[in-house]
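**Student:** one predicted model, sequence on top.
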Amino acid sequence: MARDSLTLRRPDDWHLHLRDGAMLKAVLPFTARVFGRAIVMPNLVPPVTRVSAAEAYRKRILKALPRDAKFMPLMTAYLTDATSSDEIERGHKDSVWVAAKLYPANATTNSARGVTDIARIAKVLERMARIGMPLLVHGEVTDPPVDVFDREAVFIERILAPLIKRLPELKVVLEHATTRDAIDFVQAQGPNVAATITPHHLTISRNALFQEGLRPHMYCLPVAKREAHRLALRQAATSGEAKFFLGTDSAPHSIADKEKDCGCAGIFCAPAALEIYARVFDEENALDRLEAFASLNGPRFYGLPPNDARVTLRREKWKVPAEVKVGKDAVKPFLAGEEMGWKAT
């Protein structure tokens, strides 16, 4: 008999883009509605490379919160070729930075100042391993000859595997895993290696990009892969394995920026993220494992306590908003206008 409700510890989002200014104010309430904490990405313009910038950004996020919202942003450092090991350690010791983010240069949105060669940050990574600071990885190479659908697998082979072999004590999160290659790799590593999985990569394959035409609102980086990879992600997410946990990678862009020539990569899934995860776990007959994936595995990896508060999901029909206003612009959510079968309260 299908269950009609599910109560779990308040979940956390271990990979989130909030942007800044009007966009921050417009999208933040959707995350704060259900999530207790979130790892906030540092790829602003300019990026968050200094402790002072992270402190200032955190203040802007807290100021933008709806009244009575109980939400804690967890800040991250944007690594560059010139990142100082001392600055990274200072921010971590002062509890400003929870982790540091590795963007290969030009791999995704606002990553132009990212790392051009991982050898350039070798000392930084050694320091992070010593102090126990997690490295969050956008796992794609950017070499033009490498097929876009193979960039994650090639990154794992060329960069991530050698890094973990050299620094096995370094805690690493392979963010937004999209392939069976990523799942197999993470499962083969020790407890210091984990992965986040997004609601959209659990829901769509690359066919969604081209269904009855080009669909820019289904475009993200890493791009969705073949159906076989989607099924591997679903199996991993619903397995109960502690190595896999929730990270939405919700990444808002205005409709105009998504639909223009050379449109932006990113899927804004925050308005229905937890409900989409619930639907996936329901479809996989794994609702009893949703709490571990959403609320327990992430805190355990980061050495934080799980949230005491609870969230209840109920079987209830509602529609994802068609758009979210951002000043004179708007953002289109993932699955905009579609009917959902679960509602979080």
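**Tutor:** Arrived safely.
**Student:** remind me, longest strand of this structure?
**Tutor:** strand 310-319 (DSSP state E).
**Student:** what comes up buried for the helix or strand following it?
**Tutor:** Beyond strand 310-319 on the C-terminal side, the first helix or strand identified by DSSP states H and E is strand 324-326. Under the neighbour-count criterion of 16 or more other Cβ atoms under 10 Å, strand 324-326 has V324, V326 buried. Where you see a C-beta, it was placed from the backbone N, CA and C, and this is true even at glycine.
**Student:** what's strand 324-326 in contact with?
**Tutor:** When contacts are defined by Cβ atoms under 8 Å, 6 or more residues apart in numbering, strand 324-326 is touched by residues 22-23, 26-27, 30, 252, 254, 268, 271, 330-333.
**Student:** let's go with 10 Å and repeat that
**Tutor:** 19, 21-27, 29-30, 252-255, 268, 270-271, 330-333, 336 (Cβ atoms under 10 Å, 6 or more residues apart in numbering).
**Student:** who's in contact with the nearest residue to G303 once chain neighbours are set aside?
**Tutor:** Counting by Cβ to Cβ, 6 or more residues apart in numbering, G303 lies nearest to G132, which is 7.8 Å off, once chain neighbours are set aside. By Cβ under 10 Å, 6+ apart, G132 lies in contact with H92, E169, L170, K171, N192, G303.
**Student:** what residues of stretch 188-198 count as buried?
**Tutor:** Q189, N192, V193, A194, A195, T196, I197, T198.
**Student:** for the first one, which non-adjacent residue is spatially closest?
**Tutor:** Pointing back at Q189 there. I164 (6.3 Å).
**Student:** is it true that that neighbour touches P191?
**Tutor:** No: applying Cβ atoms under 10 Å as the test, I164 and P191 come out as separate, 12.0 Å apart.
**Student:** now the buried residues of stretch 188-198 as TSV including secondary structure and distance to P11?
**Tutor:** Listed next are these as TSV, based on DSSP: H, G, I helix; E, B strand; the rest coil; distance: Cβ to Cβ, whole Å:
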residue	secondary structure	distance to P11
Q189	coil	24
N192	coil	23
V193	strand	22
A194	strand	16
A195	strand	17
T196	strand	12
I197	strand	13
T198	coil	14
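**Student:** redo the residues you listed as CSV? Include pLDDT and distance to A64.
**Tutor:** CSV is the format used below for those (pLDDT from 0 to 100; distance: Cβ to Cβ, whole Å):
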residue, pLDDT, distance to A64
Q189, 98, 37
N192, 98, 34
V193, 98, 34
A194, 98, 29
A195, 98, 29
T196, 98, 24
I197, 99, 27
T198, 98, 23
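**Student:** contacts for the longest helix along the chain, please.
**Tutor:** The longest helix of the chain (DSSP state H) is helix 51-64. By Cβ under 10 Å, 6+ apart, the list of residues contacting helix 51-64 from outside reads 18, 20-29, 32, 38, 40, 42, 44, 46-48, 50, 69, 71-78, 87-88, 90-92, 94, 96-98.
**Student:** which residues of the stretch 151-300 of the chain fall in helices?
**Tutor:** In the stretch 151-300 of the chain, the helices defined using DSSP state H, counting those that start in this stretch lie at 151-155, 161-166, 180-188, 199-203, 227-237, 255-259, 273-283, 290-291, 297-302.
**Student:** for R120, find the nearest of those.
**Tutor:** Among the helices of the stretch 151-300 of the chain, the nearest to R120 by Cβ to Cβ is helix 161-166 (12.9 Å).
**Student:** list the contacts of that closest one.
**Tutor:** Against helix 161-166 from outside (Cβ under 10 Å, 6+ apart): 102, 118, 122, 125-126, 129, 135, 137, 155-156, 170, 172, 185, 188-190, 192-193.
**Student:** list the buried residues of it.
**Tutor:** L163, I164.
**Student:** mean confidence for that helix?
**Tutor:** Across helix 161-166, pLDDT averages out at 98.
**Student:** again with stretch 136-153
**Tutor:** On average, stretch 136-153 scores 96.
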